[in-house]
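Trainee: the amino acid sequence is not available; the structure is as follows:
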Ligand code: HEM
(Lines give C-alpha, C1' and ligand atoms only; values in the text may rest on other atoms or scores of the structure.)
Protein backbone atom coordinates (compact mmCIF):
# COMPACT_ATOMS: atom_id res chain seq x y z
CA UNK A 1 0.00 0.00 0.00
CA UNK A 2 1.09 3.54 -0.61
CA UNK A 3 2.94 5.34 2.15
CA UNK A 4 0.29 8.03 2.51
CA UNK A 5 -2.15 5.37 3.71
CA UNK A 6 0.30 4.63 6.54
CA UNK A 7 1.30 8.19 7.36
CA UNK A 8 -2.35 9.24 7.50
CA UNK A 9 -3.15 6.26 9.70
CA UNK A 10 -0.45 7.21 12.21
CA UNK A 11 -1.62 10.82 12.16
CA UNK A 12 -5.14 9.71 12.95
CA UNK A 13 -3.85 7.54 15.81
CA UNK A 14 -1.92 10.51 17.20
CA UNK A 15 -4.94 12.81 16.90
CA UNK A 16 -7.41 10.43 18.46
CA UNK A 17 -5.27 8.50 20.98
CA UNK A 18 -2.10 10.55 21.50
CA UNK A 19 1.47 10.27 20.25
CA UNK A 20 2.53 7.77 22.94
CA UNK A 21 0.06 5.20 21.61
CA UNK A 22 1.16 5.89 18.02
CA UNK A 23 4.78 5.35 19.02
CA UNK A 24 3.97 2.24 21.04
CA UNK A 25 2.10 0.48 18.27
CA UNK A 26 4.96 1.10 15.84
CA UNK A 27 7.55 -0.10 18.37
CA UNK A 28 5.61 -3.16 19.44
CA UNK A 29 4.57 -4.26 15.96
CA UNK A 30 8.07 -5.25 14.85
CA UNK A 31 7.39 -3.93 11.35
CA UNK A 32 9.64 -4.96 8.44
CA UNK A 33 9.81 -1.28 7.38
CA UNK A 34 10.60 -0.15 10.93
CA UNK A 35 7.59 2.15 10.71
CA UNK A 36 9.51 4.97 9.02
CA UNK A 37 6.93 5.61 6.32
CA UNK A 38 7.23 8.25 3.62
CA UNK A 39 4.20 9.25 1.61
CA UNK A 40 5.85 8.27 -1.70
CA UNK A 41 7.03 4.83 -0.55
CA UNK A 42 5.16 1.53 -0.89
CA UNK A 43 4.81 -0.92 1.99
CA UNK A 44 3.28 -4.32 2.68
CA UNK A 45 -0.41 -3.98 3.56
CA UNK A 46 0.15 -6.56 6.30
CA UNK A 47 1.97 -3.83 8.24
CA UNK A 48 -1.32 -1.95 8.37
CA UNK A 49 -3.11 -5.07 9.60
CA UNK A 50 -0.43 -5.57 12.29
CA UNK A 51 -0.72 -1.97 13.51
CA UNK A 52 -4.53 -2.08 13.60
CA UNK A 53 -4.37 -5.28 15.68
CA UNK A 54 -1.88 -3.59 18.06
CA UNK A 55 -4.09 -0.49 18.30
CA UNK A 56 -7.09 -2.66 19.04
CA UNK A 57 -5.21 -4.35 21.90
CA UNK A 58 -4.11 -0.99 23.30
CA UNK A 59 -7.45 0.77 23.06
CA UNK A 60 -9.89 -2.10 23.60
CA UNK A 61 -11.75 -1.02 20.45
CA UNK A 62 -12.49 -3.76 17.96
CA UNK A 63 -10.73 -3.98 14.60
CA UNK A 64 -13.79 -3.22 12.40
CA UNK A 65 -14.49 -0.08 14.46
CA UNK A 66 -10.90 1.10 14.02
CA UNK A 67 -10.80 0.37 10.27
CA UNK A 68 -14.08 2.21 9.75
CA UNK A 69 -12.87 5.21 11.76
CA UNK A 70 -9.71 5.20 9.70
CA UNK A 71 -11.63 5.05 6.39
CA UNK A 72 -13.78 7.96 7.48
CA UNK A 73 -10.72 9.98 8.46
CA UNK A 74 -8.95 9.18 5.18
CA UNK A 75 -11.91 10.31 3.11
CA UNK A 76 -11.53 13.78 4.64
CA UNK A 77 -7.86 13.75 3.70
CA UNK A 78 -8.61 12.63 0.13
CA UNK A 79 -10.96 15.57 -0.12
CA UNK A 80 -8.17 17.93 0.92
CA UNK A 81 -5.40 16.27 -1.10
CA UNK A 82 -7.22 15.34 -4.32
CA UNK A 83 -9.76 18.12 -4.66
CA UNK A 84 -9.92 17.81 -8.47
CA UNK A 85 -11.92 14.58 -8.09
CA UNK A 86 -14.61 16.58 -6.32
CA UNK A 87 -15.05 19.18 -9.06
CA UNK A 88 -18.22 19.03 -11.18
CA UNK A 89 -19.70 16.28 -9.01
CA UNK A 90 -23.46 16.52 -8.56
CA UNK A 91 -23.78 14.41 -5.41
CA UNK A 92 -22.90 11.24 -3.52
CA UNK A 93 -23.97 8.71 -6.16
CA UNK A 94 -22.33 10.66 -8.96
CA UNK A 95 -19.07 10.71 -6.98
CA UNK A 96 -19.18 7.05 -5.93
CA UNK A 97 -19.92 5.87 -9.47
CA UNK A 98 -16.67 7.49 -10.59
CA UNK A 99 -14.37 5.64 -8.20
CA UNK A 100 -13.72 2.44 -10.11
CA UNK A 101 -13.55 3.78 -13.66
CA UNK A 102 -12.11 7.22 -13.01
CA UNK A 103 -10.65 8.03 -9.57
CA UNK A 104 -8.82 4.79 -8.94
CA UNK A 105 -7.75 4.72 -12.61
CA UNK A 106 -6.16 8.15 -12.15
CA UNK A 107 -4.64 7.02 -8.85
CA UNK A 108 -2.98 4.13 -10.70
CA UNK A 109 -1.55 6.56 -13.25
CA UNK A 110 -0.03 8.58 -10.41
CA UNK A 111 1.21 5.49 -8.55
CA UNK A 112 1.63 2.50 -10.89
CA UNK A 113 2.26 0.19 -7.91
CA UNK A 114 -0.94 1.19 -6.04
CA UNK A 115 -2.96 -1.72 -4.70
CA UNK A 116 -6.56 -0.89 -5.43
CA UNK A 117 -9.80 -2.79 -4.92
CA UNK A 118 -12.40 -3.43 -7.60
CA UNK A 119 -15.95 -2.12 -7.44
CA UNK A 120 -18.82 -3.51 -9.49
CA UNK A 121 -21.94 -1.39 -9.63
CA UNK A 122 -25.65 -2.07 -9.89
CA UNK A 123 -28.33 0.55 -10.34
CA UNK A 124 -31.66 -0.97 -9.25
CA UNK A 125 -33.44 2.42 -9.30
CA UNK A 126 -32.73 6.16 -8.96
CA UNK A 127 -32.73 5.96 -5.16
CA UNK A 128 -30.38 3.00 -4.87
CA UNK A 129 -26.75 2.38 -5.71
CA UNK A 130 -25.13 -1.00 -5.15
CA UNK A 131 -21.33 -1.24 -4.90
CA UNK A 132 -19.69 -4.63 -4.72
CA UNK A 133 -16.22 -4.42 -3.21
CA UNK A 134 -13.62 -7.03 -3.98
CA UNK A 135 -9.94 -6.98 -3.17
CA UNK A 136 -6.96 -9.20 -2.49
CA UNK A 137 -6.77 -7.37 0.84
CA UNK A 138 -9.18 -7.71 3.78
CA UNK A 139 -10.38 -4.11 3.87
CA UNK A 140 -14.18 -4.21 3.56
CA UNK A 141 -14.40 -2.35 6.89
CA UNK A 142 -12.01 0.27 5.59
CA UNK A 143 -14.19 0.61 2.47
CA UNK A 144 -17.26 1.04 4.67
CA UNK A 145 -15.47 3.81 6.60
CA UNK A 146 -14.59 5.57 3.33
CA UNK A 147 -18.24 5.32 2.31
CA UNK A 148 -19.31 6.78 5.68
CA UNK A 149 -16.88 9.66 5.17
CA UNK A 150 -18.28 10.20 1.70
CA UNK A 151 -21.89 10.33 2.94
CA UNK A 152 -20.91 12.78 5.65
CA UNK A 153 -19.09 14.95 3.12
CA UNK A 154 -22.06 15.28 0.75
CA UNK A 155 -24.58 15.50 3.59
CA UNK A 156 -27.39 13.65 1.80
CA UNK A 157 -29.72 11.30 3.69
CA UNK A 158 -28.42 7.94 2.57
CA UNK A 159 -28.36 4.65 4.45
CA UNK A 160 -25.69 1.98 3.99
CA UNK A 161 -26.61 -1.70 4.13
CA UNK A 162 -23.75 -4.17 4.04
CA UNK A 163 -23.71 -7.82 3.16
CA UNK A 164 -20.43 -9.71 3.52
CA UNK A 165 -19.86 -11.97 0.54
CA UNK A 166 -16.72 -13.54 1.90
CA UNK A 167 -17.45 -13.49 5.60
CA UNK A 168 -14.21 -15.22 6.56
CA UNK A 169 -11.78 -12.55 5.48
CA UNK A 170 -13.38 -9.21 4.58
CA UNK A 171 -12.26 -9.22 0.94
CA UNK A 172 -15.73 -9.02 -0.60
CA UNK A 173 -18.79 -7.08 0.45
CA UNK A 174 -21.93 -5.73 -1.13
CA UNK A 175 -22.86 -2.21 -0.07
CA UNK A 176 -26.38 -1.05 -0.88
CA UNK A 177 -26.82 2.70 -0.55
CA UNK A 178 -30.39 3.92 -0.36
CA UNK A 179 -31.54 7.53 -0.48
CA UNK A 180 -33.95 8.17 2.38
CA UNK A 181 -36.81 10.58 1.57
CA UNK A 182 -36.38 13.84 3.53
CA UNK A 183 -39.72 13.35 5.32
CA UNK A 184 -38.59 9.96 6.65
CA UNK A 185 -35.09 11.25 7.51
CA UNK A 186 -36.63 14.05 9.59
CA UNK A 187 -38.70 11.66 11.75
C1 LIG B 1 -11.04 11.16 -3.83
C2 LIG B 1 -11.36 9.94 -3.56
C3 LIG B 1 -10.40 8.77 -3.51
C4 LIG B 1 -9.06 8.70 -3.79
C5 LIG B 1 -8.13 9.80 -4.22
C6 LIG B 1 -8.64 7.33 -3.54
C7 LIG B 1 -7.35 6.86 -3.63
C8 LIG B 1 -6.88 5.71 -3.08
C9 LIG B 1 -5.48 5.40 -2.81
C10 LIG B 1 -4.30 6.33 -3.07
C11 LIG B 1 -5.45 4.17 -2.26
C12 LIG B 1 -4.21 3.43 -1.76
C13 LIG B 1 -3.61 2.53 -2.79
C14 LIG B 1 -2.41 1.81 -2.21
O15 LIG B 1 -2.22 1.88 -1.01
O16 LIG B 1 -1.61 1.18 -2.93
C17 LIG B 1 -6.81 3.70 -2.18
C18 LIG B 1 -7.17 2.48 -1.69
C19 LIG B 1 -8.47 2.12 -1.43
N20 LIG B 1 -9.59 2.79 -1.84
FE21 LIG B 1 -9.69 4.60 -2.73
N22 LIG B 1 -9.72 6.58 -3.16
C23 LIG B 1 -10.81 7.42 -3.11
C24 LIG B 1 -12.07 7.11 -2.75
C25 LIG B 1 -12.46 5.89 -2.29
C26 LIG B 1 -13.78 5.59 -1.77
C27 LIG B 1 -14.94 6.57 -1.59
C28 LIG B 1 -13.77 4.28 -1.45
C29 LIG B 1 -14.89 3.52 -0.82
C30 LIG B 1 -15.77 2.88 -1.38
C31 LIG B 1 -12.44 3.75 -1.75
C32 LIG B 1 -12.01 2.47 -1.50
C33 LIG B 1 -10.69 2.11 -1.34
C34 LIG B 1 -10.23 0.94 -0.59
C35 LIG B 1 -11.12 -0.03 0.17
C36 LIG B 1 -8.83 0.94 -0.65
C37 LIG B 1 -7.84 -0.04 0.04
C38 LIG B 1 -7.24 -1.06 -0.86
C39 LIG B 1 -8.06 -2.33 -0.97
O40 LIG B 1 -9.12 -2.45 -0.33
O41 LIG B 1 -7.65 -3.24 -1.71
N42 LIG B 1 -11.68 4.76 -2.27
N43 LIG B 1 -7.67 4.64 -2.70
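Mentor: On my side now, so go ahead. From a predicted model like this one, the values you see are computed outputs, not experimental measurements. Residues are numbered from 1 along each chain as shown.
Trainee: sec struct for residue 176, please.
Mentor: Under DSSP: H, G, I helix; E, B strand; the rest coil, residue 176 falls in the strand class.
Trainee: show me what contacts it?
Mentor: 128-130, 160-163 (CB atoms under 8 Å, 6 or more residues apart in numbering). C-beta here means a position set from N, CA and C on the backbone, and glycine is covered the same way.
Trainee: same thing with residue 1?
Mentor: Per CB under 8 Å, 6+ apart, neighbours of residue 1: 42-45, 48, 114-115, 137.
Trainee: secondary structure element holding residue 39?
Mentor: Using DSSP states H and E, residue 39 sits within no helix or strand.
Trainee: my guess is it contacts residue 7. True?
Mentor: Yes - assessed by CB atoms under 8 Å, residue 39 is found in contact with residue 7 at 5.4 Å.
Trainee: quick one: which of the two has more around it?
Mentor: Set residue 39 next to residue 7 and count neighbours by other CB atoms under 10 Å: residue 7 wins out with 15 against 12.
Trainee: what's in contact with the lengthiest helix in the chain?
Mentor: Taking DSSP state H as the criterion, the chain has its longest helix at helix 63-81. Outside helix 63-81, the residues within contact range by CB under 8 Å, 6+ apart are 4-5, 8-9, 12, 16, 52-53, 55-56, 59, 85-86, 139, 141-150, 152-153.
Trainee: and with 7 Å instead?
Mentor: Contact with helix 63-81 is made by 8-9, 12, 52-53, 55-56, 86, 139, 141-146, 148-150, 153, as judged by CB atoms under 7 Å, 6 or more residues apart in numbering.
Trainee: out of these, which are buried?
Mentor: Neighbour-count burial (16 or more other CB atoms under 10 Å) applied to those gives 8-9, 12, 52, 55-56, 139, 141-146, 148-150, 153.
Trainee: how about the residues of this structure near the ligand?
Mentor: Counting by CB under 6 Å from any ligand atom, the residues of the chain lying close to the ligand are 1-2, 5, 78, 82, 85, 99, 103-104, 107, 114-117, 135, 137, 139, 142-143, 146-147, 150.
Trainee: can you pull out the helices in the protein?
Mentor: So, for the chain - with DSSP H - the helices run 3-17, 19-29, 45-59, 63-81, 92-98, 104-110, 140-154, 182-186.
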